[in-house]
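> let me see the structure of the following:
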Amino acid sequence: MHLFLALGRSGWGETILGVELARDLVRLGEAVRFVAHVSMAPVLAGGPWDCEFVGDGPGPRLSTRLSAHIARHRAQSVVLVDFAVATRSLERLGVDPADLLSYGVPVIALDSWNSRVTGREMDVYGRRTDVMSPLIDDLRHLLVPSPLSAPVAAPGVYGALPPPLSPAAHLRDATRQRLGLTRGDKVVLVCTATWQEPGYLATDPVRRGVSLAGRELICLYTRMLGADVHLVHVGPTRFEASGLLGDNYHRLPPMPPHEFAELVPGVDLLVSLNISATTVAQAVANGVPALVLGCDGASGERARARLGPDPLLLDWAARHLPLYPFDLWPLGLRRFLAPLLDRNPYKDVVNQTDVLDADRFHAVASALLRDGDARHRYRQDAHDYTGAVRDLPSGGEVLLSFLH
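Numbering: from 1, shown residues only. The predicted structure follows:
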């Protein structure tokens with residue numbers, strides 16, 4: 001049995017990676033158990049594993065419960081989903097992550113960021129540095145998912161793309177029927193998580209401001225794309241500026257992974273402000289054009305010049321600029337991820353664009369929505385890239401190789 005710790009409470013992305021890894025282990029004949037935060041229940045529901053959920057309140061000491069799980073079920077490994085989230089969550093729950101090394105079984109970390117490349121220092125909210133637990137340096141076994149890491153043969157790297165769904169035409173019609181749209185309407189999908197909400201850290205006005213700025217800018221940019229373009233937003237709360245789009249804004253609540261997997265192939269374009277999002281990988285796997293926005297931190301006249309003369313964009317700039325640099329909005333991590341994204345073909349496949357470059361956003365988004373040749377080129381690039389990722393060993397295969 002392999003014991004998975006999925007203790008994050010503010011986003012599903014890491015747990016979804018863990019679920020896919022667990023499914024692969026089950027496919028290979030292995031047993032899996034999860035100890036997870038209760039907020040992860042929708043992600044874990046229906047899987048071929050047992051789960052024990054923990055909350056935030058007082059309860060039996062977690063380290064004692066983990067030790068009992070390992071002894072009772074003769075665990076072959078403890079898997080951290082993922083390292084950064086799991087270690088922070090353990091500390092929040094009163095457990096020293098280093099205690100995991102005392103359980104007598106291999107500790108394997110899902111290392112989403114490929115810490116051998118990025119290092120441990122994470123630039124956060126444009127003004128502080130968070131440091132990942134030094135435990136990462138003591139672990140022999142790190143699982144590195146691609147596509148965020150380049151699809152090259154290297155220790156621990158495995159293919160983490162979800163399988164594509166088909167037929168896309170059927171799902172496209174189903175998506176439009178669900179939203180009351182016609183076949184001729186264009187659908188842009190954007191997804192947000194709890195940790196991206198303006199109120200997630202209500203005591204941090206700078207972070208809150210960048211969160212609000214991104215939410216409003218998505219609405220402004222979508223408005224520029226034409227009256228037949230509808231924004232479908234999957235997230236906890238409506239965008240504050242959704243009124244700019246009127247009936248062309250549609251919010252859907254967060255949904256279980258199997259439902260979301262059926263939504264993605266039915267849209268025309270996915271826009272994201274988080275290059276590491278599992279939703280972006282889902283789009284690439286299904287040949288759905290993706291456009292990822294980051295921020296290099298430009299300010300002053302340079303930033304305003306990029307936005308162009310549109311009065312609504314200039315009003316937005318007057319209220320929200322400057323923005324701190326980010327590749328994961330509104331967290332930051334621009335400097336942290338730079339070595340991982342350097343010469344990484346993934347950022348080209350997902351059309352990474354600066355969030356303040358309104359003309360480029362309009363040009364790329366319009367082409368991906370309306371230009372058949374541009375959409376064909378994207379699908380070919382995505383096909384070539386996903387082929388390279390799928391040539392990598394699976395996560396379960398790599399994990400078991402650590403143990404044998």
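
> CA only for contacts and neighbour counts going forward, please
OK.

> buried ones in stretch 97-108?
Neighbour-count burial for stretch 97-108, counted by 16 or more other CA atoms under 10 Å, picks out Pro97, Leu100, Tyr103, Val105, Pro106, Val107, Ile108.

> quick one: low-confidence ranges for this protein?
The chain contains residues with pLDDT under 70 at 57-60, 166-169, 202.

> most centrally placed residue in it?
Ala277 (1.9 Å; CA atoms, centre = their mean).

> how close does the residue nearest to Asp56 when sequence neighbours are not counted get to Gly156?
Leaving out its chain neighbours, the residue that sits closest to Asp56 by CA to CA, 6 or more residues apart in numbering is Leu93, at 7.3 Å. Leu93 is 28 Å from Gly156, where distance means CA to CA, to the nearest Å.

> then His320?
For His320, the distance to Gly156 - CA to CA - is 41 Å.

> so between the two, which is more surrounded?
Gly156 (19 against 15; other CA atoms under 10 Å).

> give me phi/psi at the more buried one?
The phi/psi pair for Gly156 (degrees, to the nearest 10) reads phi 80, psi -10.

> follow-up on the earlier one: quick check, nearest of the buried residues of stretch 97-108 to Arg223?
When the buried residues of stretch 97-108 are compared for distance to Arg223 (CA to CA), Ile108 wins out at 45.6 Å.

> excluding chain neighbours, what is closest to Ile16?
Val43 is the one closest to Ile16 (CA to CA, 6+ apart), at 6.8 Å.

> packing partners for the host helix or strand of that neighbour?
Using DSSP states H and E, Val43 falls within helix 41-44. Helix 41-44 sits against helix 13-27, with contacts defined as 3 or more CA pairs under 8 Å, 6 or more residues apart in numbering; DSSP states H and E.

> could you list the domains of the protein?
2-160+393-403, 168-390 (automatic domain parsing).

> next, format the buried residues of stretch 97-108 as JSON lines and append distance to Ser211 and secondary structure.
Output for these, formatted as JSON lines (distance: CA to CA, whole Å; DSSP: H, G, I helix; E, B strand; the rest coil):
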{"residue": "Pro97", "distance to Ser211": "31", "secondary structure": "helix"}
{"residue": "Leu100", "distance to Ser211": "35", "secondary structure": "helix"}
{"residue": "Tyr103", "distance to Ser211": "40", "secondary structure": "helix"}
{"residue": "Val105", "distance to Ser211": "41", "secondary structure": "coil"}
{"residue": "Pro106", "distance to Ser211": "39", "secondary structure": "coil"}
{"residue": "Val107", "distance to Ser211": "35", "secondary structure": "strand"}
{"residue": "Ile108", "distance to Ser211": "33", "secondary structure": "strand"}
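
> okay if I get these as a markdown table plus distance to Pro289?
Putting the buried residues of stretch 97-108 into a markdown table (distance: CA to CA, whole Å) gives the following:
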| residue | distance to Pro289 |
| --- | --- |
| Pro97 | 39 |
| Leu100 | 41 |
| Tyr103 | 45 |
| Val105 | 43 |
| Pro106 | 40 |
| Val107 | 37 |
| Ile108 | 34 |
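
> which among the residues you listed gets closest to Asp123?
Pro97 (21.9 Å).

> isn't the closest one up against Thr87?
Yes: in terms of CA atoms under 8 Å, Pro97 counts as a neighbour of Thr87; the distance is 5.7 Å.

> residues near the residue nearest to Ile16, how many?
18.

> can you tell me which residues contact it?
Each residue near Val43 by CA atoms under 8 Å, 6 or more residues apart in numbering is listed here: Trp12, Thr15, Ile16, Val19, Pro256, Pro257.

> may I ask which of those residues has the most neighbours?
Thr15 (24 neighbours).

> how near is it to Cys51?
Taking CA to CA as the measure, Thr15 falls 13 Å from Cys51.

> ok, back up a step: anything in contact with each of Pro97 and Thr87?
Common neighbours of Pro97 and Thr87 (CA under 8 Å, 6+ apart) are Ser133.

> burial of Asp204, as a residue count?
Quick note: Asp204 (other CA under 10 Å) scores 12 neighbours.

> could you pull out the strands for the stretch 201-350 of the chain?
For the stretch 201-350 of the chain, applying DSSP state E, counting those that start in this stretch gives strands covering 229-234, 249-252, 269-272, 290-294.

> okay if I get those strands as JSON lines plus distance to Asp310?
JSON lines is the format used below for those (distance: least, CA to CA, whole Å):
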{"stretch": "strand 229-234", "distance to Asp310": "19"}
{"stretch": "strand 249-252", "distance to Asp310": "21"}
{"stretch": "strand 269-272", "distance to Asp310": "21"}
{"stretch": "strand 290-294", "distance to Asp310": "19"}
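
> which one of the ones you listed lies closest to Ser401?
strand 290-294 (33.7 Å).

> strand partners of the closest one, parallel vs antiparallel please.
strand 269-272 (parallel), strand 353-354 (parallel) (DSSP bridges).

> can I get the helix or strand harbouring Asp130 in PDB, CA atoms only?
For Asp130, the host element (DSSP H and E) is strand 128-131. Written as PDB, here are the backbone C-alpha positions of strand 128-131 (Å, rounded to 0.1, in the frame of the first residue of the first chain):
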ATOM      1  CA  ARG A 128       8.700  38.600   0.000                       C
ATOM      2  CA  THR A 129      10.500  35.300  -0.300                       C
ATOM      3  CA  ASP A 130       9.000  32.000   1.000                       C
ATOM      4  CA  VAL A 131      11.400  29.100   1.300                       C
END
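
> now for it, which elements pack on it?
Under the contact definition 3+ CA pairs under 8 Å, 6+ apart, strand 128-131 sits against strand 121-124.

> if we can go back for a sec, going by distance to Arg128, which of the buried residues of stretch 97-108 wins?
Checking those against Arg128 by CA to CA gives Pro97 as the nearest, at 22.7 Å.
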